[in-house]
Each structure stands twice: as structure tokens, then as C-alpha cells.
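Chemist: Build me a model from this:
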Amino acid sequence: MSVIEIKVPDIGDFDEVAVIELLVKPGDSVAAEQSLITVESDKASMEIPSSHAGVVKELKVKLGDKVKEGSVVLLLEAAGADAAAPTPAAAPAASSKPAAAPAPQAQVATNAAAPTAPASASLIEVHVPDIGDFKDVAVIEVMVKAGDSVKVEQSLITVESDKASMEIPSSAAGVIKELKVKLGDKLNIGDLLAILEGVAPAAAVATAAPASASPAAAALVATTTAAPVPAAAVPAHDPSAPQGRLPHASPSVRKFARELGVPLAEVKGSGPKGRITQADVQGFTRSVMAGAAQTQAQSARAPSGGDGAALGLIPWPKVDFTKFGTVERKDLSRIKKLSGANLHRNWVMVPHVTNNDEADITELEAFRVATNKENEKSGVKVTMLAFVIKAVVSALKKFPDFNASLDGDALVYKQYFNIGFAADTPNGLVVPVLKDADKKGILQISQEMGELAKKARDGKLGSADMQGGCISISSLGGIGGTHFTPIINAPEVAILGLSKSQMKPVWDGKQFMPRLVLPLSLSYDHRVIDGAAAARFNAYLGQVLADFRRVLL
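Modeler: So this is what the prediction gives:
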């Protein structure tokens, strides 16, 4: 074991860049090339990688520190071949610059000295300059549009690799005649960005990256020459800038936000200069899920759940109801706001089909009543829903497509059996989830359901109580109705609706007999489940409820 100093490698002609994010802490294990810190110049944010693998012993920098090439980032406890490898500082003095681990992209703006020459109005092509050994970088922000006047060195677009974000400047001044890129495009050196109409220097010369820059450093070179138009550098994006500017965050944080679907422009940063950190993204997500905050998309949604414009529909009718009589206005409860948005999304995005069937529960109901009489002293009341939950678990095992979720073009099959059940509360509908129902008996299921239902009525359900469901059950048995179409609780692929059981005359082959029948309404996602599978699932469920001994098979 030995201790290695990990230093800032060659990042081009930049001195005193600020540390804006720490990606590791003492005790963390890091791999070679793993990012350690994020630094920022006036044009780019860069993640500094480790040149060795090992365990972080001590951090030598903190947020806000200024670092440059050769600054010690941290001490690393390394073993084996890594311990014997030379650090950048110990590299042979054969070259003018130490050999370093591949460094992230930096931006270098250079102006080639050239005599001023007569200028003429012309169309100028602006291309992607040398951005180092990086290919297919994505366009994540377009800062200008056709008709805008731009100056030399003014940033036109922002691109991003997995390690750095970079603003690509204009190599000339003029008016943008045509933009050749859009958000999401992949760019390489030499690709055409825009066509300018303006004053072009008569002796424009493309300059190369300075010889001092390491080949491993991703240097962004602005290919401009001395001209009568002064080169006006545009400052880095301002976290307080109006909407449309790039959020003030590192590439890794932006990637994290994209994975969660968080609108980064709406997150308030707590880092230096208002920079958004991963903790800020996580906090924003928790606030939205808890209902303490809303995204702009949620806030803009009409009370009806949207105005239909996105679907090409006519606007939602706006009516002054007071013209027709006295009215009272009440705000929707927090639960109804959240559940309404989810139900609206699920109904619009999931192709629902509902299969209706019936289950003969005559014997099961008699057994339930007898069980409750025998267990009066225990205080646990067994409901029909407890038996249905156990029967649903058996059906999920027999038909695993119902215990799956869509993830892009793949199905995720769950090996656990958590059953959600809709609970009516004074503030609206919630769906607590009974965990590991396959491992519990009817009495334990009934007891836990009672506890969860009480927490729901008291408004004390936590987020963990409502997560991880495989399938949900919506029961209207205590109210009435024959059949209905329950809405799937995405990302689940099915939901079972129960209506009020009633006595019906059923033909047994010889005569009509009075039987207690429970209506079953199974809504399913037709992208995952076809009609035949749904019919089999419902029929099997009816068989189990008619003869509960099938659960043992």
C-alpha cells in the first residue's frame, strides 16, 4: 500500500479555475478515470478524473478553491500496479509537459495575429472548431436564432460530452442567416453550425491549439483573426438568467436530472454562484412527490387536468357559473391534485381494456363469517378483500405478465408480490401497498390492511407505504354497483375492480340455486396483455375464490 498524490492534469491554457463540485469524499473507492471534482472556467465546466484507482485518504481541495495544472486534488491509498505507476508529477522530463490521464474538455480561445485587411460583406460558414479527441458531442442548448446579430467569440450553442459541457463560439461577426443545428444533434470537428451574413476578414487564418496544450486535453479553439471588429467574450451562463439559458450545473448533475425527469431550470441551486448540485435535484424531487412544490408544467395545468391543446383538441370551456346562480368555490385537496394528475396521465397514455367476470363466493363468504366469529377476541376482522388479495397473488404466480412493468422496449418481471388497495379518505383516494403478501396468511393480511387503512384516514401514510406495488385492487363492495372500469396505477399493468356482491340464481346443471356472486372488473394495459390472457386471469381468479383450496396447488 502506498499513498499517491492525484493532481490536476493538463487542462489547456487555463489558470486558477474554481472548484464547483466535489464528487468523492474520504473513504470512497475510486477507479482510474473516475471523476473526482468539477471545475469551471468562464466558458466550460470540466470534471477532473483520477489517474489511479484506490481509496480516497484525504481531500486537498474544497468548494470554491482555485486550482490549476499540478495542483494536488487528493491523496489516494493505492495498491499493486497502481501504486507503482508514476503520477503526472513524476513523469519523465523528456517533454515540456507531463503526461496526464485523459483530461476533460476545456475551451481555449486564441486569436492569430494577422494584419488588418479590407473587409467585405459576404456569407460566412461557421464550423465546429477543434474540440479535442471527442466525437459525437450532443447539442444541449441553442443560444441564438436566425436573424440574431452575433459578435466574434459570442457563444452560439452548448454541447456536452459525458465529462464536460462547452460553449461553441462564433469565428466571425455578422447576422445569422441560417442555423444548421438543432437540440439533440451530434456534432464533430468541422461540422457546419451556421451561415452568417456580415463582415468577414479578408485574410482569415485558422489557428491551431497551442503547443503547450496536452493532446489528451479537449481544447476548444476559436479560429479567429485580428479584425476591426473587437472580440467580445460572452460570460458563462448566469444562474439568474431568464428561462432558455443552460441551468448552472455540471454535466453529471444534468444527466442525473434527465434520468429523473427533473426540469433543471426550475431547481434552485445551493452551490457556489447558485450552482445546482445533486442534492438540490433530489430535494426538488422529494418536494414535488410530497406535493410541497409543483413544476411549471403542473402549475400550468387547468383544473380539468389540461386544456387539450397538446392533443389537438379545442380549448376547455371557460364559464362564469355565477351568471346562473349562487356558487361556492373550494380548492382541490392536495391528495386529489396529485392523484388527479396521475390518473389523467395513466388514462391518456395507457391503452386500457376491461374484462368483466363473476366469482361465486358463497362458500368463501360462509367461511369468512365463521372465521370472524372464532376470532372475535383477537380484534382482527377478516374482510373479503383479504381473501381476494391472497387469490390475486396466486393468479400473479400463474400469469407473470400481470406482475410486470414496461421499461422502454423491455418488460421488468417482479419476483415479489406487493398488492396495493385503494383506500377512501376524507381528503381523497390513496393506494397503500401491502408488502410481501405471498408470505402472509389471511389474518396477518387483514391486520396489516386495517393498520394501513387507519394511517390513510389519519393522513399519516408515508411515501414508502404507497410504493412498490405489483397490482392494485379497487373495491366498491361496500357501496354498490355491478361493474366499472378502474384506471391502471402506472407503472403497473393491471388493476382489479370489485363491485358489490349479490345473490343470483345460478344453474348447477339440474336446477337454479341461490349463489353469492362477486363482480370482477379487470383493467389491463393492452400493450403488455392481450384479451385472452386477461380472460384467463379473471377466470382463474373466479375459480380460486369459488374453491379456495386451489391456493394450495
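Chemist: When you work out contacts or count neighbours from here on, use the C-alpha atoms and nothing else.
Modeler: OK.
Chemist: what about the stretch 251-400 of the chain, any weak spots by pLDDT?
Modeler: Applying pLDDT under 70 to the stretch 251-400 of the chain picks out residues 273, 289-294, 296-312.
Chemist: Next, work out how far apart the residue nearest in space to the middle of the chain and residue 484 are.
Modeler: For the chain, residue 260 is the residue whose C-alpha lies nearest the centre (Cα atoms, centre = their mean; 1.4 Å). From residue 260 across to residue 484, the span is 34 Å (Cα to Cα, to the nearest Å).
Chemist: count of neighbours near the closest residue in space to residue 183 that isn't next to it in sequence?
Modeler: Nearest non-adjacent residue to residue 183, counting by Cα to Cα, 6 or more residues apart in numbering: residue 139, 5.2 Å away. Residue 139: 22 surrounding residues under other Cα atoms under 10 Å.
Chemist: Test my guess that residue 522 contacts residue 495.
Modeler: Yes. With contact defined as Cα atoms under 8 Å, residue 522 counts as touching residue 495 (5.9 Å).
Chemist: Which neighbours do the two have in common?
Modeler: Among the neighbours of residue 522, those also in contact with residue 495 (Cα atoms under 8 Å, 6 or more residues apart in numbering) are residue 486.
Chemist: Between the two, which is the more surrounded one?
Modeler: Neighbour count, other Cα under 10 Å: between residue 522 and residue 495, residue 522 has more, with 28 against 25.
Chemist: How about the contacts made by the more buried one?
Modeler: By Cα under 8 Å, 6+ apart, residue 522 lies in contact with 354, 355, 356, 485, 486, 494, 495, 496, 497, 534, 538.
Chemist: Could you look up the SS state of the last one?
Modeler: Taking DSSP: H, G, I helix; E, B strand; the rest coil as the rule, one finds residue 538 in the helix state.
Chemist: Quick check: chain neighbours aside, which residue is closest to residue 18?
Modeler: Residue 18 sits nearest to residue 66 (Cα to Cα, 6+ apart), 4.5 Å away.
Chemist: isn't that neighbour right up against residue 37?
Modeler: No. The criterion here is Cα under 8 Å, and residue 66 misses it with residue 37 at 12.0 Å.
Chemist: coming back round to it: for residue 72, see how far away the residue nearest to residue 18 is.
Modeler: Per Cα to Cα, residue 66 is found 11 Å from residue 72.
Chemist: ok, now residue 8?
Modeler: Distance from residue 8 to residue 72, counting by Cα to Cα: 6 Å.
Chemist: So for those two, which residue has more residues nearby?
Modeler: Taking other Cα under 10 Å, residue 8 and residue 72 do not tie; residue 8 has more neighbours (24 against 17).
Chemist: Let me see the backbone angles for residue 464.
Modeler: phi -70, psi -30 (degrees, to the nearest 10).
Chemist: separation between it and residue 370?
Modeler: Taken as Cα to Cα, the span from residue 464 to residue 370 is 34 Å.
Chemist: Could I get the full set of strands for the stretch 301-450 of the chain?
Modeler: 352-360, 404-407, 410-413, 419-421, 423-425, 428-430, 433-434 (DSSP state E, counting those that start in this stretch).
Chemist: Okay, buried residues for the second one please.
Modeler: By that I understand strand 404-407. Neighbour-count burial for strand 404-407, counted by 16 or more other Cα atoms under 10 Å, picks out 404, 405, 406.
Chemist: Spit out the contact partners of residue 495.
Modeler: 471, 472, 473, 474, 486, 487, 488, 489, 522, 523, 524.
Chemist: Pipe the residues you listed into JSON lines and attach pLDDT and distance to residue 331 per row.
Modeler: As requested, the contacts of residue 495 are arranged in JSON lines below (pLDDT from 0 to 100; distance: Cα to Cα, whole Å):
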{"residue": "471", "pLDDT": "97", "distance to residue 331": "31"}
{"residue": "472", "pLDDT": "97", "distance to residue 331": "28"}
{"residue": "473", "pLDDT": "97", "distance to residue 331": "28"}
{"residue": "474", "pLDDT": "95", "distance to residue 331": "25"}
{"residue": "486", "pLDDT": "96", "distance to residue 331": "25"}
{"residue": "487", "pLDDT": "96", "distance to residue 331": "24"}
{"residue": "488", "pLDDT": "96", "distance to residue 331": "26"}
{"residue": "489", "pLDDT": "94", "distance to residue 331": "24"}
{"residue": "522", "pLDDT": "98", "distance to residue 331": "32"}
{"residue": "523", "pLDDT": "98", "distance to residue 331": "30"}
{"residue": "524", "pLDDT": "98", "distance to residue 331": "32"}
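Chemist: Tabulate the strands of the stretch 301-450 of the chain (a markdown table), appending distance to residue 52.
Modeler: Converted to a markdown table, the strands of the stretch 301-450 of the chain look like this (distance: least, Cα to Cα, whole Å):
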| stretch | distance to residue 52 |
| --- | --- |
| strand 352-360 | 53 |
| strand 404-407 | 36 |
| strand 410-413 | 37 |
| strand 419-421 | 47 |
| strand 423-425 | 54 |
| strand 428-430 | 51 |
| strand 433-434 | 46 |
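Chemist: just so I know, which of these lies nearest residue 160?
Modeler: Nearest of the strands of the stretch 301-450 of the chain to residue 160, taken as Cα to Cα: strand 404-407 at 25.8 Å.
Chemist: which strands and helices sit next to that closest one?
Modeler: Packed against strand 404-407 by the contact rule (3 or more Cα pairs under 8 Å, 6 or more residues apart in numbering; DSSP states H and E) you find strand 410-413.
Chemist: how about the strands of the stretch 1-150 of the chain, start to end?
Modeler: Under DSSP E, counting those that start in this stretch, the stretch 1-150 of the chain gives strands at 2-7, 17-22, 29-30, 35-40, 44-49, 54-59, 66-67, 72-78, 105-112, 120-127, 137-142, 149-150.
Chemist: Flag whichever of the ones you listed has the least confidence on average.
Modeler: Mean pLDDT across the strands of the stretch 1-150 of the chain is lowest at strand 105-112; the value there is a mean of 39.
Chemist: what's the closest of the buried residues of strand 404-407 to residue 414?
Modeler: Closest to residue 414 out of the buried residues of strand 404-407 is residue 404 (5.8 Å), distances taken as Cα to Cα.
Chemist: The nearest residue to that closest one once chain neighbours are set aside: neighbour count?
Modeler: Take residue 404 and drop its neighbours on the chain: the residue closest to it by Cα to Cα, 6+ apart is residue 413, 4.4 Å away. Residues near residue 413, counting by other Cα under 10 Å, number 14.
Chemist: list residues touching both of residue 66 and residue 37?
Modeler: Taking Cα under 8 Å, 6+ apart as the contact rule, residue 66 and residue 37 both touch residue 19.
Chemist: Which pLDDT value does the model give residue 97?
Modeler: 39.
Chemist: For residue 469, which residues are in contact?
Modeler: 417, 418, 419, 420, 433, 434, 435, 492.
Chemist: can I assume it sits in a helix?
Modeler: No. Looking at residue 469 with three-state DSSP, it is coil, so not inside a helix.
Chemist: Quick check: it vs residue 446, distance?
Modeler: 17 Å.
Chemist: and what of residue 186?
Modeler: For residue 186, the distance to residue 446 - Cα to Cα - is 56 Å.
Chemist: between these two, which one's more packed in?
Modeler: Taking other Cα under 10 Å, residue 186 and residue 446 do not tie; residue 446 has more neighbours (20 against 16).
Chemist: separation between the more buried one and residue 386?
Modeler: 6 Å.
Chemist: got it, and residue 409?
Modeler: 34 Å.
Chemist: ok, the two, which is more surrounded?
Modeler: Ranked by neighbour count (other Cα under 10 Å), residue 409 and residue 386 place residue 386 first, with 22 against 5.
Chemist: quick revisit: return the residues in contact with the residue nearest to residue 18.
Modeler: Listed by Cα under 8 Å, 6+ apart, the contact set of residue 66 reads 16, 17, 18, 19.
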